Structure formats: C-alpha cells, structure tokens
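Student: give the three-dimensional model of this entry:
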Amino acid sequence: MTPETITAYMSDCTLCPRQCHANRAAGQVGFCGQTAEITAARAALHFWEEPCISGSHGSGAVFFSGCSLQCVFCQNHNIAVGKSGKIITLERLSEIFLELQEKGASNINLITAGHFIPQICLALERSKASGLSIPVVYNTGSYEEVSSLRLLEGLVDIYLPDLKYFSSELSAKYSHAPDYFFRASAAISEMLRQVGEPVFDDISGLMKRGVIVRHLVLPGQTRDSKKILRYLHETYRNDIYVSIMNQYTPLVQVAEIPELNRCVTVEEYERILNFADKIGIEQGFRQEGGTASESFIPEFDNEGI
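Tutor: Numbering: from 1, shown residues only. As a prediction, the model looks like this:
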C-alpha cells in the first residue's frame, strides 16, 4: 500500500457495500460519516473481549470513528455517527500500534475500521517494519466488501466479525441494509480463507490466528438468532468459534422503538444457549449476567489518541 494508492481508493470510495462513490480525498463525507482523514476516539487496553482476545493484559483496542452500517441500536453510537473522535495522521496511527504493544497488549484490536482499510494497511506495514509483533485483530460489524477485506490478507491474524441478522427484513429495518446477511456471510467466508482454523498459544491460551463470529442477541428476536447459529454451525462446524452475547443495552436513540427499548431477558438468552447446545455447537463463548449495562461501554474521550 502506498499514499498514492490510498488517495485512489479515497477519491471514489467503494470500500463498503454502500458504494457511495464519495470523493473522500477531497473532503467529501461518505455514508460512513468520514472523509479520508483517519479519526479515532480511543486507543487503550480493553478487557471486555472474549478471554482468548483480552487475556490478562488486555487487548490493544483502537476505536475508529464512523461506521458503514449505522445500526439504530448501536452500542457505540457516539463514535459510529462521528460525534466523538480526533483526526490523526497515518504516522500517529503507526505509533499508537507500537505504544499499545509496549503497554503489554495481547494484540492490536481494530474496531470498526472498514472505512479506513487502505490507511490501516499502510500503518500496519510501517508498524510491523518497526517491530510490531503481536497479533492483529479485525473487529467488524461484517458489512464489508470482500475485495476490501483482501487488502488485509497477511496483515490481520484474527477476525472478530459480527453476524447480526439472518432476516433481510430485520437488517433493513434496523440497519438500512437488506443485503446484510448476503454481505456478511461472504465476508466471514473470506476471513476464514485468509486465516484458517483457530490456533491458540499453549501457555497463555490467547488466540494467535482464527475467526470468532459474534452474535448479539436482540430482544424479541430469538427466532432469528437460532437461524444464525444453525447457519454458522452447519457451514463452519469447528473451523470457527461462536460468541453468543447478551450485552444488548437500550440506549437513548432507541427510546421510540418499543421492541428495542429493553434488555434481553434471562429466559430469551437461556433459550438461545440451549439451542446452541442442542445443535452441537462446542467451540464458543457465552456471557454471564450483568453485561447489559452502559458501564461496559468505554469512554470515547480520545484516550491514547
């Protein structure tokens, strides 16, 4: 990746399935809410990922501003809509990766970074040339273009994608993306092609390579959740891990969407876990009670930026 190549991508942006063709290099804002300038809201050790990602020292999480999906219930709403964050240079991003490694991070965790993939590729190349040696995690809502993900091949070790919806009706209603499942399932297939089956460190238990697919259970949508889990198990078996999450937190922006303005009940979550056991999902993660809280949403105060 070169600065000239980055400019070419940004001049007519088709990095995500929105295909908005914004000239972000000239300062136009894409559907993601961002220009070509890298914007991030937090870079710090993060302890709330799956145990094999956070470890005992924390994941080196870099939260990028903007998002190509814009879910109405987004748990990181302020940064997704671009209300939080600070513009940084590509050189500064490279430094941030190295600083997180120096702090003992288990990995570099790129959170909602799809709209900055070309810039991130060059920043990673420079950081690796300067001594970055810990695994790189790509943490995404999965509304991705396969061609864009291919730019990351050889630079990302672990993929941490969501699979939010099976139903196109739900994805249209809550994310304005009726093609979500089609796009996300293709993206996950490409991720697995790149990094292969899960590999863990024998001593620390940390993941070194592989794919963990996350599914956030939404209130009232256990039927859709079951379809997602069945699809993942029948398609990938033990080639991936599945993380079933109950941390959905209704924030202020869903106050006028009654069906989303509540937490997932214990009964709903248990129903999904029992279904996962019934169909034979063995490699996965589940969350204990108490995760549905705004206290689990980090402060986007430009720490580490």
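
Student: wasn't M191 part of a helix?
Tutor: Yes. The assignment for M191 is a helix, going by DSSP: H, G, I helix; E, B strand; the rest coil.

Student: now do the contacts for the closest residue to it other than its chain neighbours.
Tutor: Excluding the flanking residues, the one nearest M191 by Cβ to Cβ, 6 or more residues apart in numbering is Y159, at 3.8 Å. (Glycine included, C-beta is placed from N, CA and C.) Counting by Cβ atoms under 8 Å, 6 or more residues apart in numbering, Y159 makes contact with 137-138, 140, 188, 191-192, 194-195, 210-212.

Student: change it to 6 Å
Tutor: 138, 191, 211 (Cβ atoms under 6 Å, 6 or more residues apart in numbering).

Student: same thing with E4?
Tutor: Contacts of E4 (Cβ under 6 Å, 6+ apart): none.

Student: same deal with the one 3 residues further on?
Tutor: When contacts are counted by Cβ under 6 Å, 6+ apart, T7 is found next to A25.

Student: returning to that earlier point: ok so the residue nearest to M191 is a strand residue?
Tutor: Yes. The assignment for Y159 is a strand, going by three-state DSSP.

Student: how about the strands in the stretch 51-200 of the chain?
Tutor: 59-64, 86-88, 108-111, 136-140, 158-161, 199-200 (DSSP state E, counting those that start in this stretch).

Student: parallel or antiparallel, which strands does the longest one pair with?
Tutor: Which is strand 59-64. Partner strands and pairing direction for strand 59-64 (DSSP bridges) are strand 38-46 (antiparallel), strand 108-111 (parallel).

Student: tell me which of the ones you listed sits most buried.
Tutor: Stretch with highest mean neighbour count among the strands paired with strand 59-64: strand 108-111 (a mean of 27; mean count of other Cβ atoms under 10 Å).

Student: so what touches that one?
Tutor: Taking Cβ under 6 Å, 6+ apart as the rule, strand 108-111 contacts 59-63, 97, 136-139.

Student: same check on stretch 89-102?
Tutor: 38, 43, 60, 108, 119, 123, 126-127, 132, 134.

Student: on that earlier part again, what would the contacts of Y159 look like in CSV with pLDDT and distance to R24?
Tutor: Below are those laid out as CSV (pLDDT from 0 to 100; distance: Cβ to Cβ, whole Å):
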residue, pLDDT, distance to R24
Y138, 98, 20
M191, 98, 25
V211, 98, 29
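
Student: next, format those as CSV and append distance to S68.
Tutor: What follows is the contacts of Y159, written out as CSV (distance: Cβ to Cβ, whole Å):
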residue, distance to S68
Y138, 14
M191, 16
V211, 20
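
Student: G220: what secondary structure?
Tutor: At G220 the chain is in coil, as set by three-state DSSP.

Student: sorry, back to before: list just the nearest of the contacts of stretch 89-102 to N246.
Tutor: G60 (25.4 Å; Cβ to Cβ).

Student: tell me, how many residues neighbour the closest one?
Tutor: Neighbour count of G60, defined by other Cβ atoms under 10 Å: 29.

Student: for it, give its distance to M1.
Tutor: The spacing between G60 and M1, counted by Cβ to Cβ, to the nearest Å, is 21 Å.

Student: quick one: buried ones out of the contacts of Y159?
Tutor: The neighbour-count test (16 or more other Cβ atoms under 10 Å) marks 138, 191, 211 as buried among these.

Student: need the pLDDT of the most centrally placed residue in the chain.
Tutor: In the chain, the C-alpha closest to the average C-alpha coordinate belongs to T140, at a distance of 2.1 Å (Cα atoms, centre = their mean). Note for T140: predicted pLDDT of 98.

Student: of all the contacts of stretch 89-102, which comes closest to P298?
Tutor: Nearest to P298 among the contacts of stretch 89-102, with distances taken as Cβ to Cβ, is A43, at 10.8 Å.

Student: so the closest one makes contact with G60?
Tutor: No. If you go by Cβ atoms under 6 Å, A43 and G60 don't touch, sitting 7.5 Å apart.
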